[in-house]
Structures are given as structure tokens and as C-alpha cells.
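Q: Build me a model:
(one chain, ligands or ions: 2)
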Amino acid sequence: VLLKEGKIILFVMAGTDSSASSRQSSFNSLAKDLELPLEQGCLTIVVLGASGDLAKKKTFPALYHLFEQGFLQSGEVHIVGYARTNLSDDGLRGRIRAYLKGASEEHVSEFLQLIKYVSGSYDSGEGFEKLNKEISDYEMSNNSGSSRRLFYLALPPSVYPSVCKMIRTYCMSPTSRFGWTRVIVEKPFGRDLDSAEELSSQLGELFEEDQLYRIDHYLGKELVQNLLVLRFANRLFLPLWNRDNVDNIQIVFREDFGTDGRGGYFDQYGIIRDIIQNHLLQAGFLFGCNGKACIS
Ligand SMILES: NC(=O)C1=CN([C@@H]2O[C@H](COP(=O)(O)OP(=O)(O)OC[C@H]3O[C@@H](n4cnc5c(N)ncnc54)[C@H](OP(=O)(O)O)[C@@H]3O)[C@@H](O)[C@H]2O)C=CC1
Ligand SMILES: O=C1O[C@H](COP(=O)(O)O)[C@@H](O)[C@H](O)[C@H]1O
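A: Ligands and ions are numbered 1, 2, ... in the order given. A predicted model of the protein is given here:
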């Protein structure tokens, strides 16, 4: 699915050749037809907060799955973890390996070799200069003439403004090279309405809207998305799913582990801002919404 000028374009690939190069070339010819920027050449994915819970449990495993399916090519992608914790490249790789259970050992080793680690703070130029050097050295050695840079902020929102400022000052894709700079920020977006608005204007001063991506992974969960199908494509439930027949709704969120090293984040935000006002209310909304509100 591609988004262009506010319209959704469904891209369906058929055929028997499912190799990575065939996918890439079909995608590139489609991108050319649609006049989208060509997605090839040097791609650097920087995971900021690489020492943390989200990075090890979800971000790096998701990148591994893209790699395994051929969407990230060894010769084209370079992944850099960044955080304050003092770690070596192998130290970070060891943390990630533990979360790639059941995957092919050969594939995992190939993937882990794409990953480097840079340590630095979130508000001083020194670390980000080091990060920029790591990215630029790779781009020069790759020699593809392109520079696509994706920054994923697996960090508490309190540091988004300073991190974005550092990216803007030290790490932008050079305009002399073909490419782009994009920034992905995680929920929660601020602590309350005022801080969310302030964050929006701070990020808006640094990046164009099409460079910013705000993520909430619950909306992408199959089970959550299937709530609408369960309700509206089901002749049994459809007529009964209303206030006359439903007595109460209970949303249960269970995890069998504790804060697990996330004290720094939870101390600032707490569990209500972490999951209730976003993930669980979204599930509640999809359970109870009606009419156009459900799909808008
Ligand atoms: N954990 C999860 O499954 C998910 C988390 N998220 C979101 O991801 C973000 C990060 O969450 P998570 O990874 O769980 O949290 P962590 O506490 O693990 O934080 C990630 C990293 O950020 C740095 N950090 C932590 N606290 C602070 C602080 N107060 N100031 C500066 N740096 C800090 C630490 O790195 P270092 O000290 O090395 O710099 C830490 O390793 C949050 O916005 C959360 O909502 C979203 C979806 C799922
Ligand atoms: O956003 C978050 O979600 C995870 C739970 O996600 P799940 O996909 O494993 O259900 C939660 O552990 C974390 O605290 C929170 O930030």
C-alpha cells in the first residue's frame, strides 16, 4: 500500500518469482510510473534508544523480519544503534540475538553483521557528530551516490526535541546526494495536550510533515484491526452488538514481566500514559464505535 498525494494506492504483486531482487525491481518500476522517489541505494536506519526495551523486543526483530523477507538488502542497508549506555557492537548484537528466537542461525548472523553501535548523549553535538561520521563513512564506502537516512526514536518523548534538533544540526542526508531524511517517533506524544502541542510545534520547526512519522503499533495489530471485521462482517454479532445487549466492556491488558529496566521511562510517564490513553482506548473505541466514525 502506497500513499501519494493523500490517495491510497494498492500495489498487488502476482507471479511465481518472489525473490528479493524481483520484488525490488517491480517496486522500482511502479515507483517510476507513479513518479515516487526511487527507493534504492544506500539506506541507513538509526535506532535511537537502542539499549532499551522497545528496541530489543520489537524494533530490531521487525528489521530482522524485513531483512529475512528480502526488503532490506545486505549491500544496501546499514543499521546503527545509538544510546548513552556503554556497549560494543557485539554487546548490542548479543542483546538483539536473544530476541530472534526460532530464526535461521545463518540469516541471523548475516543480519547482525549489518548492525553497529554508537554511544553518546541525546543533547550534545559530540555523540551526533560521531553518529554522522558513522553514517557518512558507510555512504562513501558504498559509493551509490545516494543517502537515505531513517531515524527511529525508541526513546521517551521528553528527549524527542533535543534528539530531533541534533539530527537536524548534525545528521541530515546531504543535499548534494540523492536521498532523504525521515524521523519516526513513538507514542506517547507528550504528557498532556499542552506538551503534545508544544512537541508538535518543536518538531514542525525542524522537519517537514512528510519527513515525520508518528507510530502506534496497536493500530497495526491484526487482532485489533479484526475487531471491525468481527463486528460488521458477521451476521450473528452485527444485530446484537449494541447497548441493549452488551452489559459492560472489560479491556484486560496482562504482561508477565515487570518494568524490566524501563524505570527511566516509567518514572517520567507512568503506565496510564504508556498504554491506557492510547492502546487500550483505541481497542475500546473499535469495540464500541458506530457508523462513519469507525473508518475515519
Ligand atoms: N517497550 C515496548 O514494548 C514499547 C515501547 N514503546 C515506546 O518506546 C519508547 C521507549 O520505551 P522503552 O524502550 O520501553 O523504554 P526504556 O526505558 O527501555 O527506554 C529506551 C532507552 O531510552 C533511554 N532512556 C530511558 N529513560 C530515559 C530518560 N529519562 N532520559 C533519556 N533517556 C532515557 C535509555 O537508553 P540509554 O540510557 O542507554 O541512553 C533506554 O534504554 C516510549 O515512548 C514507549 O512508549 C512503544 C511501543 C512498545
Ligand atoms: O507500547 C507499549 O506496548 C508494550 C506492549 O505491547 P505488545 O505489543 O507486546 O502488547 C508495553 O509493554 C510497553 O510498556 C508499551 O510502551
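Q: can we go C-alpha only for contacts and neighbour counts from here?
A: Noted.
Q: Please name the nearest non-neighbouring residue to residue 67.
A: If the residues on either side of it in the chain are set aside, residue 67 comes closest to residue 73, at 6.6 Å by Cα to Cα, 6 or more residues apart in numbering.
Q: Against ligand 1, how distant is residue 120?
A: Residue 120 sits at a distance of 8 Å from ligand 1 (criterion: Cα to the nearest ligand atom, to the nearest Å).
Q: Can you tell me the number of residues neighbouring that residue?
A: Residues near residue 120, counting by other Cα atoms under 10 Å, number 19.
Q: what's the helix or strand for the nearest residue to it once chain neighbours are set aside?
A: Closest residue to residue 120 apart from its sequence neighbours, by Cα to Cα, 6+ apart: residue 127 at 4.2 Å. Taking DSSP states H and E as the definition, one finds residue 127 inside helix 125-142.
Q: Next one: that helix, is it in contact with ligand 1?
A: No - against ligand 1, helix 125-142 shows no contacts by Cα under 6 Å from any ligand atom, the least distance being 11.4 Å.
Q: name the helices or strands packed onto that helix?
A: Applying 3 or more Cα pairs under 8 Å, 6 or more residues apart in numbering; DSSP states H and E, we find helix 125-142 packed against strand 115-119, helix 160-170.
Q: Can you lay out the ones you listed as TSV showing mean pLDDT and mean neighbour count?
A: TSV is the format used below for the helices and strands packed on helix 125-142 (pLDDT from 0 to 100; neighbours: other Cα atoms under 10 Å):
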stretch	mean pLDDT	mean neighbour count
strand 115-119	98	21
helix 160-170	98	19
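Q: closest one to residue 188 among those?
A: helix 160-170 (11.1 Å; Cα to Cα).
Q: Send over that closest one as PDB, restricted to the C-alpha atoms.
A: Extracted in PDB, the C-alpha atoms of helix 160-170 (Å, rounded to 0.1, in the frame of the first residue of the first chain):
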ATOM      1  CA  TYR A 160      12.400  14.000  21.200                       C
ATOM      2  CA  PRO A 161      13.000  17.800  20.900                       C
ATOM      3  CA  SER A 162      16.700  17.600  21.700                       C
ATOM      4  CA  VAL A 163      17.300  14.500  19.600                       C
ATOM      5  CA  CYS A 164      15.500  16.000  16.700                       C
ATOM      6  CA  LYS A 165      17.500  19.200  17.000                       C
ATOM      7  CA  MET A 166      20.700  17.100  17.000                       C
ATOM      8  CA  ILE A 167      19.600  15.200  13.900                       C
ATOM      9  CA  ARG A 168      18.700  18.400  12.100                       C
ATOM     10  CA  THR A 169      22.000  20.000  13.000                       C
ATOM     11  CA  TYR A 170      24.400  17.100  12.500                       C
END
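Q: what's the burial count for residue 230?
A: 15.
Q: you'd agree residue 286 is up against residue 294?
A: Yes - look at residue 286 against residue 294 with Cα atoms under 8 Å: they come within range, at 6.7 Å.
Q: These two: which has the busier surroundings?
A: A count of neighbours by other Cα under 10 Å puts residue 286 above the other of residue 286 and residue 294, at 20 against 12.
Q: on that earlier part again, which neighbours do residue 286 and residue 294 share?
A: residue 228 (Cα atoms under 8 Å, 6 or more residues apart in numbering).
Q: Good, we can wrap up now.
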